[in-house]
Structures are given as structure tokens and as C-alpha cells.
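Chemist: sequence? don't have it. structure:
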């Protein structure tokens with residue numbers, strides 16, 4: 001991975017074999033990011049995404065392997081109890097044009113991933129909401 005910071009914007013290249021969530025965390029901790037939005041595209045050959053079922057308060061995950069284009073990766077970097085936290089969703093398409101996606105649990109880059117992190121001045125922490133079963137923004 002390599003990146004460059006331009007004021008409150010980070011332009012990042014994540015390389016083949018690197019795991020995207022690990023690299024987001026690495027940049028966020030190194031740059032002391034407390035609040036940001038993340039957008040990316042690229043290619044992956046292994047990813048795991050989940051879907052949350054509110055009535056069960058549980059995630060169900062699907063794993064994919066093969067050649068996929070990341071058509072959208074979007075989410076936030078923020079904190080929970082003052083510590084690094086991220087919430088990322090990703091969708092990726094195969095060679096038939098089928099797209100799969102959800103809450104990102106893992107994605108390994110197969111060619112490259114081009115990411116833009118827009119840092120927001122401020123802090124928004126999270127807290128667990130018992131009724132919903134998720135970690136929500138705490139204002």
C-alpha cells in the first residue's frame with residue numbers, strides 16, 4: 001500500500017494480496033483519523049460480505065472467490081469508545097455482470113484498489129443499540 005495526504009483527503013493505492021479492511025485501519029491509525037468517509041473501486045479475488053437481519057439481530061455472511069471488479073466500496077471511519085471503528089459496504093461484479101454485496105467483512109485485492117478517504121474535522125463515536133442490535137452513531 002502507498003498513499004499520499006492532501007490536506008483532509010488521502011489518496012491510497014492498496015496492492016495485490018493486501019486485505020482492504022486491514023489497510024483502512026493502518027492508514028486511519030497512522031494518520032489519527034477519528035471521522036472520515038471512504039470510497040473505492042478496484043478488483044478482488046476473495047471477499048466476504050454480510051446482510052443484517054433486524055428481526056434476528058444477526059448478520060449472515062456470504063463468501064466469494066474468483067475474479068470480481070469492485071464496483072462500489074463506501075463507508076465511514078469513526079470511533080467506538082474512543083477507539084478505531086469502521087463501517088464499510090462493498091459490491092463486486094463477476095464476468096457475467098452479476099453483482100454481490102453487503103457489509104464488508106474481508107476483501108483481498110487481486111490487482112489494485114484505488115481509495116479516497118475524506119477526513120472530516122470532528123469526532124462521532126458509536127454505541128451499541130440494544131433494540132436494533134447494531135453499533136449506531138452517538139451524537
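Modeler: Thanks, I have it. Bear in mind the structure is a predicted one, so any value in this text is a computation, not a measurement. Numbers count the residues shown, from 1 in each chain.

Chemist: Now name the helix or strand holding the residue positioned nearest the centre of the chain.
Modeler: Geometric centre of the chain, nearest residue: residue 88, 3.2 Å, by C-alpha atoms, centre = their mean. Assigned by DSSP states H and E, residue 88 belongs to strand 83-93.

Chemist: Sheet partners, orientation included, of that strand?
Modeler: Strand 83-93 sits in its sheet next to strand 58-80 (antiparallel), strand 99-119 (antiparallel), going by DSSP bridges.

Chemist: highest average neighbour count across those strands?
Modeler: Mean neighbour count, computed with mean count of other C-beta atoms under 10 Å, is highest for strand 99-119 among the strands paired with strand 83-93, reaching a mean of 18. For the C-beta atoms, the positions are set from N, CA and C on the backbone; glycine is no exception.

Chemist: about what we covered before: got JSON lines for the strands paired with strand 83-93, with distance to residue 19 and mean pLDDT too?
Modeler: Shown next, in JSON lines, are these (distance: least, C-beta to C-beta, whole Å; pLDDT from 0 to 100):
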{"stretch": "strand 58-80", "distance to residue 19": "13", "mean pLDDT": "98"}
{"stretch": "strand 99-119", "distance to residue 19": "6", "mean pLDDT": "98"}
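
Chemist: could you redo those as JSON lines and give each row distance to residue 11?
Modeler: Shown next, in JSON lines, are the strands paired with strand 83-93 (distance: least, C-beta to C-beta, whole Å):
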{"stretch": "strand 58-80", "distance to residue 11": "15"}
{"stretch": "strand 99-119", "distance to residue 11": "6"}
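
Chemist: quick one, which of these is nearest to residue 8?
Modeler: strand 99-119 (4.2 Å; C-beta to C-beta).

Chemist: any idea how far the closest one is from the chain center?
Modeler: 6 Å (C-alpha atoms, centre = their mean, to the nearest Å).
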